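Visitor: Quick one: sequence and predicted model below, then my questions.
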2 protein chains.
Amino acid sequence: MKITSRFTVAVHTLLAIYVLGKEYKMTSEFIASSVSVNPVVIRRTLSSLKAAGIIDVKAGSGGAAPVKDADEITLYDIYTAVDCVDGDLFNFHENPNPECPVGKNIHAVLDSHLADAQAALENELKSVTLADLMKRLNVLL
Amino acid sequence: MKITSRFTVAVHTLLAIYVLGKEYKMTSEFIASSVSVNPVVIRRTLSSLKAAGIIDVKAGSGGAAPVKDADEITLYDIYTAVDCVDGDLFNFHENPNPECPVGKNIHAVLDSHLADAQAALENELKSVTLADLMKRLNVLL
DNA sequence: TTTAATGTAACCGTTGACATTACAACGAAA
DNA sequence: TTTCGTTGTAATGTCAACGGTTACATTAAA
């Protein structure tokens, strides 16, 4: 089971907008050709990022542009913007048997540990900003 | 997107075997009634846990029993035993455009951070043993 | 008014999960 | 050694989510 590629697509999209946005008009078609997906997929991504207040997208004339500063956008912000994980990361079997001592207490015993693991993942994503990625990218260019 | 409930089912199954195993014969049917799933689902879970060397399952006469000590089984061991995540947790869009400076370098820029996030999650799972869960459960009983 | 884009709905095919049925293989006990 | 309860596993069905794609109304600037 994997976390949807919407996430890496969104990161890729933002990098393109922030790095190439001054040089090119960032249309869904342009970005789609960098990511190698259908332009509609990018429009959906742009729509999510816009709703999160990260970028601005112009209907009609076209083009996406930064709103937030790159050092104020973490991977976690992008992860939530595209709704990678809805609530809990771990799926839990429903209706454990309350007649059984294990079934009755499984949530009490397990939930906090699962939440900790999810928090560890998300904290790691919070520690990386788009600006960090741009720095690394500029070294490579 | 969520991590398959096979994981929490497996944890539940092991708790049942380790806590109730001395008192009852732990058949797939018995466990299934605690977890509230089909017995075949439990048999598949038992099969995975057996392959991981965590428990023993007797064909014919029936019943599952511990092999490893509870303090030597981490949540991570269970997570890998039931194959929650195959390799990378994050899905990556395939074929980013190598003609584009962003597409060409997106992996170099992003991969290590995704690996770090996944490692943070998995390390958290490594820090909890089945014995920890049993302790907490015994308090509640 | 034309043109090039966005915004979105609709539909499709694929994949993986979980449920369930069915039955062969097994092993202990009668 | 036959019976009986159980495991092991294949096959099938249903369902949800994803990503791909087409289509087209809407938008804004030239």
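Guide: It's in. Numbers count the residues shown, from 1 in each chain, chains lettered A, B, ... in the order given.
Visitor: Strands of chain A, start to end?
Guide: Taking DSSP state E as the criterion, chain A carries its strands at A:55-57, A:64-66.
Visitor: Need the phi and psi values for the closest residue to A:Lys2 other than its chain neighbours.
Guide: With sequence-adjacent residues excluded and distances taken as C-beta to C-beta, 6 or more residues apart in numbering or on different chains, A:Lys2 is closest to B:Asn91, at 4.1 Å. Just so you know, the C-beta spots here come from the backbone N, C-alpha and C atoms, and that holds for glycine as well. With angles defined as degrees, to the nearest 10, B:Asn91 sits at phi -80, psi 140.
Visitor: quick revisit: please name whichever of the strands of chain A is nearest to DNA strand D.
Guide: Closest to DNA strand D of the strands of chain A is strand A:55-57 (C-beta to the nearest atom of the strand; 10.5 Å).
Visitor: hmm, back to that, tell me which of the strands of chain A sits nearest to chain B.
Guide: strand A:64-66 (13.6 Å; C-beta to the nearest C-beta).
Visitor: now for that closest one, which elements pack on it?
Guide: Judged by 3 or more C-beta pairs under 8 Å, 6 or more residues apart in numbering or on different chains; DSSP states H and E, the packing partners of strand A:64-66 are helix A:6-20, helix A:39-51, strand A:55-57.
Visitor: thinking again about what came up before, how about the strands of chain A in a markdown table, adding mean neighbour count and mean pLDDT?
Guide: Output for the strands of chain A, formatted as a markdown table (neighbours: other C-beta atoms under 10 Å in any protein chain shown; pLDDT from 0 to 100):
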| stretch | mean neighbour count | mean pLDDT |
| --- | --- | --- |
| strand A:55-57 | 19 | 97 |
| strand A:64-66 | 19 | 97 |
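Visitor: Which single residue in chain A comes nearest to DNA strand C?
Guide: Closest point on chain A to DNA strand C, by C-beta to the nearest atom of the strand, is A:Gly62, at 2.7 Å.
Visitor: Looking at that residue now. What's its pLDDT?
Guide: We have a pLDDT of 85 for A:Gly62.
Visitor: next one: A:Cys84
Guide: 89.
Visitor: Surely it and A:Thr4 touch.
Guide: Yes. If you go by C-beta atoms under 8 Å, A:Cys84 and A:Thr4 touch, sitting 5.7 Å apart.
Visitor: got a list of what A:Leu89 touches?
Guide: A:114, A:117-118, A:121, B:2-3 (C-beta atoms under 8 Å, 6 or more residues apart in numbering or on different chains).
Visitor: What segments of chain A are helices?
Guide: Listed in chain order, the helices found in chain A under DSSP state H are A:6-20, A:28-35, A:39-51, A:75-81, A:101-126, A:130-140.
Visitor: Buried deepest among the ones you listed, which one?
Guide: Neighbour counts (mean count of other C-beta atoms under 10 Å in any protein chain shown) averaged over each of these peak at helix A:6-20, with a mean of 25.
Visitor: Does anything pack onto that helix? Which helices or strands?
Guide: Helix A:6-20 packs on helix A:28-35, helix A:39-51, strand A:64-66, helix A:75-81, helix A:130-140, helix B:101-126, going by 3+ C-beta pairs under 8 Å, 6+ apart.
Visitor: which residues touch the first one?
Guide: Spelled out, that is helix A:28-35. By C-beta under 8 Å, 6+ apart, the surrounding residues in contact with helix A:28-35 are A:9, A:12-13, A:16-17, A:24, A:38-43, A:46, A:64, B:93, B:96-97, B:100, B:102-103.
Visitor: Mind checking the pLDDT average for it?
Guide: pLDDT averaged over helix A:28-35 gives 97.
Visitor: so does that helix get close to DNA strand D?
Guide: No. Between helix A:28-35 and DNA strand D, judged by C-beta under 7 Å from any atom of the strand, nothing touches; the nearest distance is 8.6 Å.
Visitor: and B:Lys58, which of the helices and strands packed on strand A:64-66 is closest to it?
Guide: Proximity to B:Lys58 (C-beta to C-beta) singles out helix A:6-20 among the helices and strands packed on strand A:64-66, at 44.3 Å.
Visitor: is that closest one up against DNA strand D anywhere?
Guide: Yes. Helix A:6-20 is in contact with DNA strand D by C-beta under 7 Å from any atom of the strand, via A:Arg6.
Visitor: between that helix and helix A:130-140, how many degrees?
Guide: 60 degrees (axes from the mean of the first three to the mean of the last three C-alpha atoms, to 10 degrees).
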